[in-house]
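K.L.:
Sequence and predicted structure below; questions after.
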Amino acid sequence: MDRGMVIFLGALLTFSSSWLGLILFPYWQLNNEKPYQKEPGDDPYPMPLQGEALAGRKIYQANGCIYCHSQQVRSEKFGNWWDENGQEHTGADIKRGWGSRRNVSRDYIYDNPTMLGTMRTGPDIANVGSRYSEAWQHSHTFNPRALNDWSIMPSFAFLYRKEKVVGERSEKALKLGREWTVDPGYRWRPSASEWDAILQQSGDAIKSRYLTEPTHTGGIDPNTPDGKKRLLDFWLTTEEEGIQIVPTGNANALVAYLLALRKAEVPVPEAKE
Ligand code: HEC
């Protein structure tokens, strides 16, 4: 056999065996996965995404959430941890509350593309829909620092609209203090001279609002440095007058998608852990 033939056969064998192993066998193995129903009358699991949640998956894709978030809860076998008695346990993901069982291929049968992710710069969000409310998700997407001041997640403030309130505040408006809304996506604080000017102008109103809070007994003197600081800290947590932040359609879709992520709580027979 000449050398060309050997190289050709070698290459053929290499490529065809990897094609069989990585494409064809997994396809045969997983191709027939069906939704799971414990009893005939039960809702099948999983269900395909619909409406807003389906549209939200596109927003998730387009904004690169997958670069920092995985959607795969690992089995009990991964991640050892020790309780206070020195006893060893496994299942770090489950201990973190990321799901009550590991993920299996059936969880993804309707996902195209699947959003498994590879990096965990942020937490795994396979099951994030069962962890937070809609309002939490909106505030967090608008500015993650408003919920966790140590967060390194980028702000997605461009998915929200800042507008003047006409009549009543919208029910959908985010309930965030002005420190998060004056400069969307950042944390805002006035300079010392700006704060002095604000106190000059509306100090009395701010003070009387401060005193209506049930925990603020004992009065406050805005002329002392401590009083000034306490008044500022309080004022920053109150909403901007006449201004509201409302989600755009894209923000609503993204949050509907996040709320629909419940991939690790419905029991399936193949995931015992
Ligand atoms: C640069 C990395 C990064 C990107 C990009 C990113 N995140 Fe995050 N995310 C984080 C980090 C870090 C946390 C944990 C701190 C926090 O709660 O903000 C987090 C937390 C979260 C949480 C709360 C999870 C929990 O269990 O507490 C949700 C939900 C979330 N991100 C959704 C998103 C969505 C949706 C996108 C895309 C629009 C996105 N993230 C993009 C880093 C990122």
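P.N.:
Everything's here; your move. Numbering: from 1, shown residues only.

K.L.:
So for stretch 142-160, what gets flagged as buried?
P.N.:
142, 143, 144, 145, 146, 147, 153, 155, 156, 157, 159, 160 (16 or more other C-beta atoms under 10 Å). C-beta here means a position set from N, CA and C on the backbone, and glycine is covered the same way.

K.L.:
Just confirm the fourth one is within a strand.
P.N.:
Read it as residue 145. No. Residue 145 is assigned helix when assessed by DSSP: H, G, I helix; E, B strand; the rest coil, not a strand.

K.L.:
Let me see the contact set for it.
P.N.:
151, 155, 180, 187 (C-beta atoms under 8 Å, 6 or more residues apart in numbering).

K.L.:
quick one: it from the ligand, how far?
P.N.:
Look at residue 145 and the ligand: by C-beta to the nearest ligand atom, to the nearest Å, they are 8 Å apart.

K.L.:
One more: the last one?
P.N.:
Distance of residue 160 to the ligand, computed by C-beta to the nearest ligand atom: 12 Å.

K.L.:
Quick check: buried residues in stretch 238-248?
P.N.:
Buried residues in stretch 238-248 (16+ other C-beta under 10 Å): 239, 240, 244, 245, 246, 247.

K.L.:
send the alpha carbons of it over as PDB?
P.N.:
Once non-C-alpha atoms are left out, stretch 238-248 reads as follows in PDB (Å, rounded to 0.1, in the frame of the first residue of the first chain):
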ATOM      1  CA  THR A 238     -36.900  57.400  47.900                       C
ATOM      2  CA  GLU A 239     -38.200  57.500  44.400                       C
ATOM      3  CA  GLU A 240     -37.600  60.500  42.100                       C
ATOM      4  CA  GLU A 241     -40.500  62.800  42.100                       C
ATOM      5  CA  GLY A 242     -42.500  62.700  38.800                       C
ATOM      6  CA  ILE A 243     -40.200  60.200  37.100                       C
ATOM      7  CA  GLN A 244     -40.700  56.500  36.500                       C
ATOM      8  CA  ILE A 245     -38.800  53.600  35.000                       C
ATOM      9  CA  VAL A 246     -40.900  51.200  33.000                       C
ATOM     10  CA  PRO A 247     -39.900  48.000  31.200                       C
ATOM     11  CA  THR A 248     -40.000  47.900  27.300                       C
END
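
K.L.:
quick one: strands adjacent to the lowest-mean-pLDDT helix or strand in the chain?
P.N.:
When the helices and strands of the chain are scored by mean pLDDT, DSSP states H and E, strand 88-89 comes last with a mean of 78. Using DSSP bridges, the strands paired with strand 88-89 are strand 81-82 (antiparallel).

K.L.:
quick one: contacts for residue 199?
P.N.:
Shown in contact with residue 199 (C-beta under 8 Å, 6+ apart): 206, 222, 228, 231.

K.L.:
Quick check: phi and psi on residue 127?
P.N.:
phi -120, psi 20 (degrees, to the nearest 10).

K.L.:
That one against residue 259, yeah?
P.N.:
No. Counting by C-beta atoms under 8 Å, residue 127 does not reach residue 259; the two are 11.2 Å apart.

K.L.:
Which one of these two is surrounded by more residues?
P.N.:
Neighbours were tallied for residue 127 and for residue 259 using other C-beta atoms under 10 Å; the higher tally belongs to residue 127 (22 against 19).
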